[in-house]
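Colleague: Please work out how this folds:
(one chain, ligands or ions: 1)
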Amino acid sequence: MSKAHFGLIGLGVMGENLVLNAERNGFSSVVFNRTYSKTQEFLNGRGAGKSITGARDLQEFVDKLERPRRILMMIKAGPSTDAVIDQISPYLLEGDLLIDGGNSEFRDTERRVSSLESKSFGYIGMGVSGGAKGALEGPSMMPGGTKASYEAVESLLCKMAAQVEDGPCVTYIGPGGSGHFVKTVHNGIEYGIEQILAEAYDLMKRVAGMNGDEISNVFEFWNKTEELCSYLVEITAACMRQKDEINGGDLVEKIMDKAGQKGTGLWTVISALELGASVPTIYASLNGRVMSSMKSQRINAEKILSRPLIKPFDLGSKSDGMSPLMDAVILATIASYAQGMELMRIASDEYNYNLNMPSIAQIWKGGCIIRSRLLRRIQNAFDNDPRLPNLLLDPWFAEQVNRRLPNLTKVVAGAANAGIPIPCLSSTLDYINSYRTSRLPQNLVQAMRDCFGSHTYERVDIKGTFHTDWI
Ligand code: 6PG
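Modeller: Okay, the predicted model is just below:
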């Protein structure tokens with residue numbers, strides 16, 4: 001019997017869909033799962049009638065694979081990944097390749113890459129985005145490791161990936177944990193955009209008194225524009241239109257307002273803090289989830305802390321897509337991408353990842369959760385200047401900021417007066433205002449630091465380091 005081209009460990013939804021994707025693209029496969037009953041269930045169900053076989057144990061699994069072996073692990077990130085690596089390592093030979101396609105913390109991947117480099121087989125840490133549907137139909141993939149390891153799986157990954165006008169949504173990201181780092185930042189941007197759209201919904205509901213269908217229409221309108229056409233806006237329109245089959249009305253209104261998280265948004269913010277990158281819009285989205293989870297405290301606080309009555313303000317008309325609000329949403333979305341791209345640029349220098357910014361924008365144009373038409377502009381901006389310090393400085397994006405900032409300001413001010421929290425929109429306004437201010441008040445912070453701690457300061461008019469006896 002001829003040997004299989006591709007092996008998969010871990011038959012969760014993502015694993016199942018990725019192996020079906022590989023098989024559909026001509027790569028016969030063998031699958032292994034911790035519990036064999038799950039493997040049987042898959043082979044008798046979705047995997048039936050396809051070039052996919054199962055293995056009861058790892059010996060059988062590796063024996064069924066052609067050499068060099070190409071093995072994808074789709075398992076829960078964390079200790080389970082280390083456990084599977086330990087179990088499979090003794091069976092792997094020179095040239096074989098192990099890929100971790102889970103949402104692993106990039107430092108775990110760094111550690112695994114350096115410890116496995118001493119063994120003869122290759123190891124790739126690969127971010128995979130697109131959810132279950134993307135995994136089946138074509139995800140965006142962010143593989144990191146050695147170039148030689150990537151080249152060994154390039155043909156497989158290029159066939160499995162989503163395809164856009166300028167190629168497949170996969171590229172070699174860089175060494176070590178860079179693939180998982182880029183996926184982490186992708187998710188930070190994902191958190192940002194999700195929160196921005198939730199804030200827009202809240203304003204349309206509470207200030208303009210709109211119902212689910214009316215709000216859905218606005219998201220559909222936005223999805224037809226160059227600036228906002230995206231997967232997340234498209235699904236938001238669908239979520240807003242969904243009715244509750246149990247009790248009627250808009251289903252969204254029946255959902256508990258507590259957002260969970262699996263860690264990647266947090267890791268983005270931790271990395272940004274460590275690297276001195278400014279990501280306030282992304283941080284605000286993370287904190288939005290944290291605040292949302294404090295439900296019982298919020299119920300209590302609402303009774304104790306008085307807040308202003310909701311005063312209506314101009315969010316625009318439904319027929320022109322609530323244009324002031326749309327401007328605010330566009331700028332916050334741009335800020336999320338700008339902050340994520342800047343974080344990657346800084347990390348690339350710090351960790352010697354040598355990230356190719358236009359290529360990253362290119363592979364995010366299809367398959368992934370943050371795919372959007374804006375990414376074409378982002379790709380162009382970094383094609384024109386690969387060392388662009390901040391997306392907002394690119395002429396096309398600068399024009400967007402200059403044109404739309406008055407409306408972002410109006411929306412933030414209106415929401416502040418109405419007592420409606422809009423953490424991402426207001427952080428974006430502060431971010432842009434800080435970024436476009438050549439003199440900030442941190443001169444006084446420096447004075448205080450020198451006053452109590454003799455931390456010294458620089459002057460704007462004379463070179464050198466100064467200290468003053470302030471009191
Ligand atoms: C993707 C997603 C996915 C992520 C979920 C959940 O790109 O397909 O980013 O990998 O796991 O979106 O993330 P949270 O549970 O942290 O929101």
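Colleague: Can you give me the neighbour number for the closest residue to the ligand within the stretch 301-450 of the chain?
Modeller: Distance from the ligand to each residue of the stretch 301-450 of the chain (C-beta to the nearest ligand atom) is smallest for Ile369, at 4.2 Å. Quick note: C-beta positions are derived from backbone N, CA and C, even for glycine. If you count neighbours by other C-beta atoms under 10 Å, Ile369 ends up with 22.
Colleague: For Tyr123, which non-adjacent residue is closest in space?
Modeller: Leu116 (4.4 Å; C-beta to C-beta, 6 or more residues apart in numbering).
Colleague: Torsion angles phi and psi at that neighbour?
Modeller: phi -80, psi -20 (degrees, to the nearest 10).
Colleague: Tell me if I'm right that it and Ile88 touch.
Modeller: No: at 10.9 Å, Leu116 does not count as touching Ile88 under the criterion of C-beta atoms under 8 Å.
Colleague: tell me, what's touching these two both at once?
Modeller: Common contacts of Leu116 and Ile88 (C-beta atoms under 8 Å, 6 or more residues apart in numbering): Leu98.
Colleague: Which one's more surrounded, the two?
Modeller: Ile88 (21 against 17).
Colleague: Next, count neighbours for the closest residue to the more buried one other than its chain neighbours.
Modeller: Among residues not flanking Ile88 along the chain, Leu58 sits closest, at 5.8 Å (C-beta to C-beta, 6+ apart). For Leu58, the tally of surrounding residues (other C-beta under 10 Å) stands at 17.
Colleague: ok, now how distant is Leu58 from Ser37?
Modeller: 17 Å (C-beta to C-beta, to the nearest Å).
Colleague: before we move on, what about Gly177?
Modeller: For Gly177, the distance to Ser37 - C-beta to C-beta - is 34 Å.
Colleague: higher neighbour count, those two?
Modeller: Using other C-beta under 10 Å as the criterion, Gly177 and Ser37 rank with Gly177 on top: 27 against 8.
Colleague: pLDDT score for that one?
Modeller: Per-residue pLDDT puts Gly177 at 97.
Colleague: Now for it: which residues touch it?
Modeller: By C-beta under 8 Å, 6+ apart, the contact list for Gly177 reads 104, 106-110, 113, 125, 144.
Colleague: List only buried entries from those residues.
Modeller: For those, a neighbour count by 16 or more other C-beta atoms under 10 Å gives the buried set as 104, 106, 108-110, 113, 125, 144.
Colleague: which SS class is Asn433?
Modeller: helix (DSSP: H, G, I helix; E, B strand; the rest coil).
Colleague: For it, the count of nearby residues, please.
Modeller: Neighbour count of Asn433, defined by other C-beta under 10 Å: 13.
Colleague: what mean pLDDT would you report for stretch 375-392?
Modeller: Averaged across stretch 375-392, the pLDDT comes to 97.
Colleague: ugh, typo on my part, it should be stretch 207-218
Modeller: Stretch 207-218 shows a mean pLDDT of 97.
Colleague: Report the buried residues of that stretch.
Modeller: Going by 16+ other C-beta under 10 Å, stretch 207-218 has these buried residues: 207-208, 210, 212, 215-218.
Colleague: before we move on, what about stretch 281-290?
Modeller: 281-289.
Colleague: quick one: it near the ligand?
Modeller: No: using C-beta under 6 Å from any ligand atom, stretch 281-290 stays clear of the ligand, coming no nearer than 8.0 Å.
Colleague: how about the residues of the stretch 201-350 of the chain near the ligand?
Modeller: For the stretch 201-350 of the chain, the residues in contact with the ligand (C-beta under 6 Å from any ligand atom) are 260-262, 264-265.
Colleague: if you set the cut-off to 8 Å instead, what comes out?
Modeller: Proximity of the stretch 201-350 of the chain to the ligand, by C-beta under 8 Å from any ligand atom, involves residues 259-265, 289.
Colleague: mind putting the residues you listed in JSON lines, secondary structure and pLDDT included?
Modeller: What follows is these, written out as JSON lines (DSSP: H, G, I helix; E, B strand; the rest coil; pLDDT from 0 to 100):
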{"residue": "Ala259", "secondary structure": "coil", "pLDDT": "97"}
{"residue": "Gly260", "secondary structure": "coil", "pLDDT": "92"}
{"residue": "Gln261", "secondary structure": "coil", "pLDDT": "93"}
{"residue": "Lys262", "secondary structure": "coil", "pLDDT": "92"}
{"residue": "Gly263", "secondary structure": "coil", "pLDDT": "91"}
{"residue": "Thr264", "secondary structure": "helix", "pLDDT": "96"}
{"residue": "Gly265", "secondary structure": "helix", "pLDDT": "96"}
{"residue": "Arg289", "secondary structure": "helix", "pLDDT": "98"}
